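J.: okay, predicted coordinates and the sequence, questions at the end:
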Amino acid sequence: MVDIFLRTLPFFAIIGLGYWAGRSRFFSEEATAYLTKFVFYFALSAMLFRFAATLPFADIFNGRLVIGYLIGTLCVYGLATLVAYLRGLDIPTAAVEAQCAAIGNVGFLGLPMLALLFSEAAIGPVMLVLAVDLVVFSSLIVILINGGRDGRLTLRTMRLIGVGLLKNPMIVSISSGLIWSALRLPVPAPLNDFLTILGGAATPGALFAIGASLATKSAERVQIAAWLSFCKLIVHPVCVAIVLIWIIPIEPFPASVAIAAAALPVAGNVYMLAAHYGIAPHRASAAILLSTIASIITLPFVIAWVSAN
C-alpha cells in the first residue's frame, strides 16, 4: 500500500501543481482550456494511436473484459439512477448524477498512471475501458438528457450522438490504431518517433490540466457529491470486480487493470456535458473535486488490493 501510494504520488503532485497554477491565476482559465485542447486533440491522441497501432490486435481486444466492465458499470449507473429517482429528480439530472458515479478519468489520468504502475501491457485493457465509456455512456447520457427533455428519442438526438462520436479524437485515434494493427501495417520509424515525442507530452500536460481545471471547481452540494464520489471510488470498482472475478471471470491481469480503472475519480468531461446542457453543473463540479482529492488515498488502496490478488 505504501509503495503504491509513493508511486502514485508524483501524478497527484503534478495535479496539485496545476491546481496551484490555476488557483493563483498564474494559469488563466483560457490557458487551461487551450492546454486541455492540446492534450485532448494532439498529445493524447498521438499516444493512443501509437499504442493501438504497435500492439498486436489480439493482445488488445478482449470481448469478455468489454462485456464484464460494461455490466459492472451499468450496475453502479443503475444504482445512482435509482437513488436519484427516489429523491424525485428528473431524468436529465439523474443522468448527470449516474454519469458522475460511473465514468472515471481514464484518458487523462488512468492511461498514463496505470501504464506506469502495471507496465505497458495495461494499455490494451485501459483502451477497452476508455472505449466503453466513450461509445456507450457518452451516448447514453445524451440520449437520456435529450429524451428526458423532449419526451422521445428524435432523429436529431441520434445525429448528435453520431457526430459526437466521429469528432471525438480519442475514439478516432483508438479506432485508427486498431485498424492499422489489424492490417499488420508497419509503423515507419519517423512516424513512430513523431508519435512518441508528441505523445510524451500527454502525461504531464493532462495531469497539469486536471489540476488547473479543478481550481475553478466549487464544492457546493457536498453531501450529494460525497455520495457520487463514494459510488465512483468504491462501488464502481467493487461491481466491476464482482463481475470480472466471479460472474464473467477473465485472466487476473486484465481484470486487475479494469478494476483499477473503475476506481479512478470522476471524469472532467461530465462537468462539460452538465454545463453544456445546463443540468446540475455544480454537483458534477463538486463530485469531480471531491473524488479527485479522495482518490489520493482510495486509488492506491484498490491498486494494492488487485496487485496482491
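T.: Looks like it arrived, so ask away. Only a predicted model underlies this, so the values are computations on that prediction, with no experimental measurement involved.
J.: and the closest residue to A21 other than its chain neighbours, backbone torsions?
T.: Excluding its sequence neighbours, the residue lying closest to A21 (Cβ to Cβ, 6 or more residues apart in numbering) is F27, at 3.8 Å. (Glycine included, C-beta is placed from N, CA and C.) Torsion angles at F27 (phi, psi; degrees, to the nearest 10) stand at phi -120, psi 110.
J.: for F27, which residues are in contact?
T.: For F27, the contacting residues are 18, 21, 35, 212, by Cβ atoms under 8 Å, 6 or more residues apart in numbering.
J.: which stretches of the stretch 201-309 of the chain have low pLDDT?
T.: By pLDDT under 70, the low-scoring segments of the stretch 201-309 of the chain are 219-220.
J.: and with 80 instead?
T.: Counting by pLDDT under 80, the ranges of the stretch 201-309 of the chain that qualify are 218-221, 309.
J.: following the strand or helix carrying A261, which helix or strand shows up next?
T.: Assigned by DSSP states H and E, A261 falls within helix 252-262. The helix or strand immediately downstream of helix 252-262 is helix 268-277, counting by DSSP H and E.
J.: which parts of that following helix are buried?
T.: Of the residues in helix 268-277, 268-271, 273-274, 277 count as buried by neighbour count, 16 or more other Cβ atoms under 10 Å.
J.: residues in contact with the residue lying closest to N192 once chain neighbours are set aside?
T.: Of all residues not flanking N192 in the chain, R50 sits nearest, at 6.9 Å (Cβ to Cβ, 6+ apart). Applying Cβ under 8 Å, 6+ apart, one finds that R50 lies in contact with 177, 187, 192, 195-196, 199.
J.: swap in F208?
T.: 14-15, 17-18, 21, 35.
J.: what's the nearest residue to V222 if we skip its chain neighbours?
T.: Among residues not flanking V222 along the chain, A286 sits closest, at 6.3 Å (Cβ to Cβ, 6+ apart).
J.: roughly how far apart are the one you found and K217?
T.: Computed as Cβ to Cβ, to the nearest Å, the A286 to K217 distance reads 7 Å.
J.: the more surrounded of those two?
T.: A286 (26 against 22; other Cβ atoms under 10 Å).
J.: count the neighbours of I259 for me.
T.: By other Cβ under 10 Å, the residues close to I259 number 27.
J.: for stretch 51-68, the distance to its chain's centre please.
T.: Distance of stretch 51-68 from its chain centroid, counting by Cα atoms, centre = their mean, to the nearest Å, is 17 Å.
J.: in stretch 120-140, what counts as buried?
T.: By 16+ other Cβ under 10 Å, the buried positions in stretch 120-140 come out as 122-135, 137-140.
J.: give the rounded mean pLDDT of that stretch.
T.: For stretch 120-140, mean pLDDT is 92.
J.: show the end-to-end separation of it, please.
T.: Terminal residues of stretch 120-140 are spaced 30 Å apart (Cα to Cα, to the nearest Å).
J.: now the strands for this structure?
T.: Taking DSSP state E to define them, one finds no strands in the chain.
J.: buried residues, the longest helix seen in it. List them.
T.: If you go by DSSP state H, the chain has its longest helix at helix 281-308. Within helix 281-308, the residues that count as buried by 16+ other Cβ under 10 Å are 281-296, 298-306.
J.: contacts only, for L109.
T.: 11, 15, 206-207, 210, 264-265.
J.: now the two most distant members of the buried residues of helix 268-277.
T.: The distance between the two most remote of the buried residues of helix 268-277 (Cβ to Cβ) is 15.6 Å, for G268 and Y277.
J.: ok so, going back, among the contacts of L109, which are in helices?
T.: Cross-referencing those against helices under DSSP H gives 11, 15, 206-207, 210.
J.: S295 against L264, yeah?
T.: Yes: here S295 reaches L264: they are 6.8 Å apart, a contact under Cβ atoms under 8 Å.
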